[in-house]
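Peer 1: Requesting a structural model of the entry that follows:
(one chain, ligands or ions: 1)
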Amino acid sequence: MEITNVTEYQAIAKQKLPKMIYDYYASGAEDEWTLQENREAFARILFRPRILIDVSKIDMTTTILGFKLSMPIMISPTAMQKMAHPDGEYATARAASAAGTIMVYKDRKVVEQLVRRAEKAGFKAIALTVDTPRLGRREADIKNRFVLPPNLTLKNFEGLDLGKMDQANDSGLASYVAGQIDRTLSWKDVKWLQSITTMPILVKGVITAEDSRLAVENGAAGIIVSNHGARQLDYVPATISALEEVVKGAGGQIPVFLDGGVRRGTDVFKALALGAAGVFIGRPVVFSLAVAGEAGVSNVLKMLRDEFELTMALSGCNSLADITRNHVVTEADKFGVMPSRL
Ligand SMILES: Cc1cc2nc3c(=O)[nH]c(=O)nc-3n(C[C@H](O)[C@H](O)[C@H](O)COP(=O)(O)O)c2cc1C
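Peer 2: Okay, here's the model as predicted:
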C-alpha cells in the first residue's frame, strides 16, 4: 500500500515492532490527554488564505542559529532509535543531517565530557531538556516492565559507566532515570552550561511566558516550546496553544521553535503563523525508521516539505516571511480568551 501521509507510518510500525517497543514510542503520560490535545489543538486552528498572488516560486529556506536550512522542519531528539531499526540514529542523521542532543545528568564532569564529545563530533548546538526533573508516568512502560533490549546500550554514556539499564519491577527506564537525572537542575545550570561551551543552547520544554522571559535573561540562544511529546506532565496545553504566549515572553530576542503533534505541512504553517521560527518532529521519525529505515525518514521529511510548500502556495505565501498572524484564526481570536495579564 502506498504511504500518502506521515501518520500512516504509525499503524505499520505497530504491526512490525514488538509491543514493548511500540508502546514506548507511542505512549504519553497518564491519561494521555495532552497527547491527544497536541493533535486536536492544531485541528482547531483554521486558515485565512489569500488569493491571486503569484506563487510560481516558493522559497522555504531559512537560517536558524546561523545555519542555512532547506525548510523550517527539523528532528527532535528521541532516545533509543536502534530499537526501531538496526541503523538507528545513523539512519536518521543521514536522512536529515540534523543535530542530536544530550540529556543532563547529575555529575557535572559527565556533562562536561558529553559536551566535549559533542563538540568533537561536530555538533552545532545543544538542546537542554528542562521538562524532565523526573520521568513522567507512562503506564504502558510500567505494564510492559520496559527495559532496553539486551543487545543495546545507551551509547552516549558508554565509557562513562552509565550505559546500562537494569530489569526493574516497574519501568526500567523510570528507575534508570531516577538514578541519573538531576532534580536540582535550575537556571544557574543553563548559565554554567553556556560557560563551558561556545555551542548555542536551546532550552527545550518551555510552555509559559514567565519561563520564556527567564530563558532570555539566562542567556539561552533559543527556546523549544515542547511538552516532551506529552510524555511528562499530563494536562499541560498542546504546544501549539502555548506557542503565542512563549513567543510574547521572548520578546523577539531569541528564536522560538515548537515540537509536539506536528504531522502535516498545514501544522508547520500554523506554527510559523503563530510566531515559531521552525518546528521539530519526534514520533514520525521513529515510526518511519521502524518501517523503512533511512528511506522512511527521508520520505517523512519529503512529505512534510511537499505539504508545507502546497500550504504556502494555497495561502498566497512565497517565502517564510510572507506567513503572518493574519493567515490563521485560533480559538483565542474567536472567543477573545488571550490572557490579558501576559
Ligand atoms: C520515543 C521518544 C523518546 C524521546 N526521548 C527524548 C529524549 O531523550 N530527550 C528529549 O529531550 N526528548 C525526548 N523525547 C521528546 C521529543 O524530543 C519531542 O519533544 C517529542 O517527541 C515531539 O512530539 P511528537 O513526537 O508528537 O512529534 C522523546 C520522544 C519520544 C516519542
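Peer 1: looking at the protein, which helix or strand is least sure?
Peer 2: Ranking every helix and strand in the chain by mean pLDDT, DSSP states H and E puts helix 172-180 at the bottom, with a mean of 67.
Peer 1: So for the residue nearest to residue 138 when sequence neighbours are not counted, what's the pLDDT?
Peer 2: Once flanking residues are discounted, residue 138 sits nearest to residue 27: 4.8 Å by Cβ to Cβ, 6 or more residues apart in numbering. Where you see a C-beta, it was placed from the backbone N, CA and C, and this is true even at glycine. What the model reports for residue 27 is a pLDDT of 96.
Peer 1: shouldn't residue 27 be in contact with residue 136?
Peer 2: No: with contact defined as Cβ atoms under 8 Å, residue 27 and residue 136 do not form a contacting pair (9.7 Å).
Peer 1: Could you name every residue contacting both of those two?
Peer 2: Common contacts of residue 27 and residue 136, defined by Cβ atoms under 8 Å, 6 or more residues apart in numbering, comprise residue 231.
Peer 1: From residue 257, how far off is residue 323?
Peer 2: For residue 323, the distance to residue 257 equals 15 Å [Cβ to Cβ, to the nearest Å].
Peer 1: which stretches of the protein form strands?
Peer 2: Ranges of strands in the chain, per DSSP state E, are 46-47, 62-64, 67-69, 73-75, 126-129, 201-206, 222-225, 256-259, 278-281, 328-329.
Peer 1: how about the residues of the chain that lie near the ligand?
Peer 2: Within the chain, the positions adjacent to the ligand are 24-25, 38, 76-79, 101, 103, 129, 204, 226, 228-229, 231, 259-262, 281-283, 286 by Cβ under 6 Å from any ligand atom.
Peer 1: and residue 265, how many residues sit next to it?
Peer 2: 23 (other Cβ atoms under 10 Å).
Peer 1: which ones are touching it?
Peer 2: Neighbours of residue 265 in contact, by Cβ under 8 Å, 6+ apart: 304, 305, 306, 307, 308, 309, 310, 311.
Peer 1: So what's the residue count around the third one?
Peer 2: Using other Cβ under 10 Å, the number of residues around residue 306 comes to 11.
Peer 1: Give me the nearest residue to it, chain neighbours excluded.
Peer 2: Nearest non-adjacent residue to residue 306, counting by Cβ to Cβ, 6+ apart: residue 265, 7.0 Å away.
Peer 1: quick one: pLDDT of the one you found?
Peer 2: Looking at residue 265, its pLDDT stands at 98.
Peer 1: any idea how far it is from residue 182?
Peer 2: Distance from residue 265 to residue 182, counting by Cβ to Cβ: 38 Å.
Peer 1: neighbours around residue 88, how many?
Peer 2: Applying other Cβ under 10 Å, we find 18 residues neighbouring residue 88.
Peer 1: how close does residue 254 get to residue 38?
Peer 2: Distance, residue 254 to residue 38, by Cβ to Cβ: 23 Å.
Peer 1: who has more neighbours, these two?
Peer 2: Comparing residue 254 with residue 38 by other Cβ under 10 Å, the one with more neighbours is residue 38, at 26 against 19.
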